[in-house]
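Undergrad: Sharing a model that was predicted from the sequence below.
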Amino acid sequence: HEQIGIEILGRNVDRALDHRVARGDEHLGGIPGQYVGQRRFAPARSNYADSHCSIVTHFPPRSDNRNRPGLGFGTMGDSTTTDVNSNEGLNQLLAEATALAEAMVAWRRDIHANPELGLDNPRTQSAIASALEPLGLDIRTGDGASWLTADIVGDADGPTILLRADTDALPMTEHTGESFASTVDGRAHTCGHDGHVAMLLGAARLLAARRAELPGTVRLVFQPGEEGYAGAKVMLAEGILTEGLAQPVTAAFAIHVTPNIPAGYLGMRPGPQMASADEFTVRIKGRGTHASTPHFGIDPMPAAAELVGALSTMVTRRIEAFDPAILTVAHLKGGTTHNVISDEVLMQGTVRCVSARTRDRVEELFAEVVHGVTSAHGCTAEIDYHRGYPVTVNHAGITELVGDVCDDVVGPDRMFPLPSPVMGAEDFSYILEEVPGAMAFLGVCPDDIANSLEAPSCHSDLMRLNEDALPLGAAMHAGVAIEWLDRSQRG
């Protein structure tokens, strides 16, 4: 039994995060009281200063994870004795990645200052190609979007694993005050994709140096259009899993940064890691009239008001609690002035689910409830229900492999299991529908924020990331590829 604390905050919040659940979990790897990915696990407090709700929840004592021995800001790559059973080759990756930190920071800041949107990222694509050029890799570029792939082909024949970084920014203005802040008004890298690119470029250096030892191929994928443009789907249609490869891609891995996990830690889970994201638009149609004579018309406003509540009730009463959904009505618009009953009300929102079964069920029930409620008010309804990104599902075996690599690369207790999926969405899910793979969250909480709970999250105009974590991301990319190829060779 757990009580729910509700906060009403005076700032913009991602629609996937319209609820916050306070709970205590003893298996968070020593990191209680943090956002895990984008969901908040708040420390127990008697009440919230910015609300009238109280919480009665007990947590393990909170330690200052930023001061734990071996976290290694600036020295992360110097420790090579973190695990007596570690793979020495993988352990060395972090030291080599740390030596590339200056280059990764430069790549990241250049991309950060020059953000591009959607599927058309030509400057970013050119910068990536220039960074890869000294490595002599086989590079392919896209037709329908400015994507790029680079293949690191080992001397021995073997399977292919895909490593992915997204490249696009968000249509918003940055207010971080960083010296390398966006130079383009209305565009900003506030989801960390600049860091994703820098980490994968660092991994390219690490893997290219081991080309002779690789029993297979590593395909590096730099993908535009993650922020709502389904760039991964475009790339799949253009053959990124097969074209130009001796053997097709049979595994995939990606990292997404988050300031809401302490820097130097990773979080993930087998099974659903992130939710699906669908959108709906409903036009409730009545008959307009003067506000003093509603009986001469059909008022769509009461129908809309009742429908908001009915849809919320639909989720809580007709969707299984242990296979949940979030339905948020985020936009409601009707009427033009105080004394006119409009003939139409517009309603828009989002639906998030963590299984295909519930996703199908919500869509079916949505139409039933919308038509039932509006019909009861004498109105009609037009529904536009758009399916967006599917559920991001981590393969159990590859998730375990990533955890093993984390132990070897950075030491034990740095990977912790997410107790539940994150309700944001990710188009890497399209790739995971085609081949087994996994995505991990990498903590990048800035040094000047003691509690990652308080760090501005992804999609905030104040979002910043800790560049000291970039070498860990590069080392993890390379380590996962090396270990997966090695295990595949051994059968």
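TA: Arrived safely, thanks for sending. Numbering: from 1, shown residues only.

Undergrad: quick one: Ala367 and Ile383 touch, right?
TA: Yes - the criterion here is C-beta atoms under 8 Å, and Ala367 meets it with Ile383 at 6.0 Å. Just so you know, the C-beta spots here come from the backbone N, C-alpha and C atoms, and that holds for glycine as well.

Undergrad: Could you work out the end-to-end span of stretch 458-469 for me?
TA: Here the two ends of stretch 458-469 are set 16 Å apart, with distance taken as C-alpha to C-alpha, to the nearest Å.

Undergrad: number of nearby residues for the nearest residue in space to Ala209 that is not next to it in sequence?
TA: The shortest distance from Ala209 to any non-neighbouring residue, by C-beta to C-beta, 6 or more residues apart in numbering, is to Glu96 (7.7 Å). When neighbours are counted by other C-beta atoms under 10 Å, Glu96 registers 18.

Undergrad: before we move on, what about Met423?
TA: 26.

Undergrad: ok, now Ala263?
TA: Neighbour count for Ala263, taken as other C-beta under 10 Å: 28.

Undergrad: Next one: it from Ile398, what distance?
TA: In this view, Ala263 and Ile398 are 24 Å apart by C-beta to C-beta, to the nearest Å.

Undergrad: before we move on, what about Val345?
TA: Val345 is 47 Å from Ile398, by C-beta to C-beta.

Undergrad: Over to Ser182?
TA: On the measure of C-beta to C-beta, Ser182 and Ile398 end up 35 Å apart.

Undergrad: same thing with Leu236?
TA: For Leu236, the distance to Ile398 - C-beta to C-beta - is 19 Å.

Undergrad: And the helix or strand hosting Ala310, what's buried?
TA: Here Ala310 sits within helix 300-318, counting by DSSP states H and E. Across helix 300-318, burial judged by 16 or more other C-beta atoms under 10 Å covers Pro300, Met301, Pro302, Ala303, Ala304, Leu307, Ala310, Leu311, Met314, Val315.

Undergrad: Show me the shaky parts of the chain.
TA: 1-88 (pLDDT under 70).

Undergrad: can you map out the helices along it?
TA: 88-99, 101-113, 122-132, 193-208, 231-237, 300-318, 356-376, 396-409, 428-434, 470-490 (DSSP state H).

Undergrad: Dump those helices to CSV, plus distance to Ala251.
TA: Converted to CSV, the helices of the chain look like this (distance: least, C-beta to C-beta, whole Å):
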stretch, distance to Ala251
helix 88-99, 17
helix 101-113, 24
helix 122-132, 22
helix 193-208, 15
helix 231-237, 15
helix 300-318, 35
helix 356-376, 21
helix 396-409, 6
helix 428-434, 10
helix 470-490, 6
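
Undergrad: looking at those helices, which is buried most?
TA: helix 193-208 (a mean of 27; mean count of other C-beta atoms under 10 Å).

Undergrad: Can I get that one as PDB, trimmed to CA atoms?
TA: What follows is helix 193-208, C-alpha atoms only, in PDB (Å, rounded to 0.1, in the frame of the first residue of the first chain):
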ATOM      1  CA  HIS A 193      21.200  14.200 -28.300                       C
ATOM      2  CA  ASP A 194      24.400  16.300 -28.700                       C
ATOM      3  CA  GLY A 195      25.900  14.200 -25.900                       C
ATOM      4  CA  HIS A 196      24.600  11.000 -27.600                       C
ATOM      5  CA  VAL A 197      26.500  11.900 -30.800                       C
ATOM      6  CA  ALA A 198      29.700  12.700 -28.900                       C
ATOM      7  CA  MET A 199      29.600   9.400 -27.000                       C
ATOM      8  CA  LEU A 200      29.100   7.400 -30.100                       C
ATOM      9  CA  LEU A 201      32.000   9.200 -31.900                       C
ATOM     10  CA  GLY A 202      34.200   8.400 -28.900                       C
ATOM     11  CA  ALA A 203      33.100   4.700 -29.100                       C
ATOM     12  CA  ALA A 204      34.000   4.800 -32.800                       C
ATOM     13  CA  ARG A 205      37.600   5.600 -31.900                       C
ATOM     14  CA  LEU A 206      37.700   2.900 -29.200                       C
ATOM     15  CA  LEU A 207      36.300   0.200 -31.600                       C
ATOM     16  CA  ALA A 208      38.400   1.200 -34.600                       C
END
